Structure formats: C-alpha cells, structure tokens
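Q: Below are the sequence and a predicted model; questions follow.
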Amino acid sequence: MNPTQDNPPSATTILLVDDDPFMLRLMDLILRDAGYEIIQARSGEEALEKIRESHSVDLVISDVVMPGMDGELLREHVTRLWPTCKFIVCSGYPDKCWDLANSAAHIATLPKPFTASALKERVREVLAAQ
C-alpha cells in the first residue's frame with residue numbers, strides 16, 4: 001500500500017451496493033486494503049437500512065442496474081435524506097454512465113469493468129470534491 005495515495009481520512013466509511021456478490025467482494029477487498037471501512041448491501045432497500053443503522057456513511061458506491069430499487073433511485077433517496085453523503089454509480093452500460101455523468105446533477109460515475117487503481121482513484125476524487 002502506498003501511504004501517499006491510499007491513506008484515506010480516518011474512519012472513512014463506504015457503503016457498497018451491488019446485487020452481484022462477486023462485485024461486492026472484489027470492491028470490498030480493494031477498498032479495505034486501501035484503509036476504508038466497508039459496509040455491504042445487496043439491494044437499494046438494504047442500503048437504505050444500512051445507512052440508517054450506521055449514521056456514518058461518507059460515500060455510497062452503487063450499481064445502477066439492480067432488481068427492486070435501482071442505483072439511480074437509491075442515489076435520489078440518499079442525496080435527499082443525507083445530503084453530505086457522496087455517491088458514485090457504477091454501470092456496465094457505457095451509455096448509462098455517460099448520461100448520468102452529463103446530467104444536470106453531474107453524477108459521479110464509474111464504468112464497469114474497472115481496475116483496482118481506477119476504483120481507488122475515483123473514490124479519492126469524489127471524497128475530495130466539495
């Protein structure tokens with residue numbers, strides 16, 4: 001681990017949301033290794049429960065396409081209820097990432113597939129943004 005690049009602010013908590021257990025595990029391993037505290041959820045509904053329970057989520061990283069509450073609706077709920085919580089949406093559909101990134105809300109996106117370094121860099125950028 002490179003301390004100058006991977007050292008997160010103390011006690012930075014990230015909620016990972018994806019219905020694919022492999023993606024959850026992969027992101028968890030990458031971001032835990034970078035020093036972040038990780039919470040996992042397998043749906044938008046579960047993610048809202050986890051945020052309510054935790055009260056200390058700094059960033060949510062969510063897949064866009066999920067059964068039930070999708071990532072876009074989850075982002076709307078999170079930004080309305082917890083306005084200081086940052087949010088990144090991930091998608092394997094390049095058009096979806098393009099549309100979200102270029103929307104009026106300027107939503108932070110991360111196209112799938114991504115590398116470990118791309119994930120960590122995007123997390124650092126979003127957490128550092130005002």
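A: In hand now; what should we look at?
Q: where are the low-confidence patches of this protein?
A: Residues of the chain meeting the criterion pLDDT under 70: 1-10, 93-106.
Q: Okay, strands next: where are they in it?
A: 13-17, 37-41, 59-63, 86-91, 108-111 (DSSP state E).
Q: can I get those strands in TSV with mean neighbour count and distance to residue 72?
A: Quick note: C-beta positions are derived from backbone N, CA and C, even for glycine. TSV is the format used below for those (neighbours: other CB atoms under 10 Å; distance: least, CB to CB, whole Å):
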stretch	mean neighbour count	distance to residue 72
strand 13-17	25	12
strand 37-41	18	16
strand 59-63	25	9
strand 86-91	22	7
strand 108-111	20	11
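Q: The ones you listed: which one's closest to residue 28?
A: Within the strands of the chain, the stretch nearest residue 28 is strand 37-41; the backing value is 5.1 Å (CB to CB).
Q: Next, the angle from that closest one to strand 13-17.
A: 20 degrees (axes from the mean of the first three to the mean of the last three CA atoms, to 10 degrees).
Q: which residues does the spatially most central residue of the chain form a beta bridge with?
A: With distances taken as CA atoms, centre = their mean, the residue of the chain nearest its centroid is residue 61 (1.0 Å). Counting by DSSP bridges, residue 61 forms beta bridges with residue 16, residue 88.
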